[in-house]
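**Q** Give me the fold of what follows.
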Amino acid sequence: MSEETEEELVASYRRQELDEMAEALGLNPLDYPNKRSIAEVILRARREQRERERVEKEREAREGEVRKKMSVSTVKGKMAAIKATAEKMQKAVKELQAGIEEQANENRAYVKAFYG
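**A** Coordinates of the predicted model:
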């Protein structure tokens, strides 16, 4: 499927339809004063979205290849599995620690409001 051009978007769609397309892409249509400007940003956002999807597919493919090569029955595979698990655990601990501090601050505020 070939990509629509800016001129085709402007000619083929009403402003309201372009606004809906922009919103579907996470854009605020109120930021664009005319059909041409919103058509331009829609096309740019579509290209960026396709590029992100392409990069994500490539990354998933590379990870799949690495997983095939690094089965847990090999020493390298076990080391990679341990490293991946450790990284996940470290991230979870950081999130947990941040949550504890937030809860402590909230508790202090409640105590202050209660006694204050």
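
**Q** So what's the gap between the biggest helix by length in the chain and the chain middle?
**A** Ranked by residue count under DSSP state H, the longest helix found in the chain is helix 75-115. On the basis of Cα atoms, centre = their mean, to the nearest Å, helix 75-115 is displaced by 22 Å from the centre of the chain it belongs to.

**Q** Check stretch 25-44 too.
**A** Averaging C-alpha coordinates over stretch 25-44 and over its chain gives two centres that are 20 Å apart (Cα atoms, centre = their mean).

**Q** avg pLDDT for that stretch?
**A** Averaged across stretch 25-44, pLDDT comes to 92.

**Q** Now that stretch: buried residues?
**A** The neighbour-count criterion (16 or more other Cβ atoms under 10 Å) identifies Leu27, Pro29, Tyr32, Lys35, Ile38, Ala39, Val41, Ile42, Leu43 as the buried residues of stretch 25-44. (Glycine included, C-beta is placed from N, CA and C.)

**Q** ok, so of these, who is nearest Asn105?
**A** If you rank those by distance to Asn105 using Cβ to Cβ, Leu27 comes first, at 35.5 Å.
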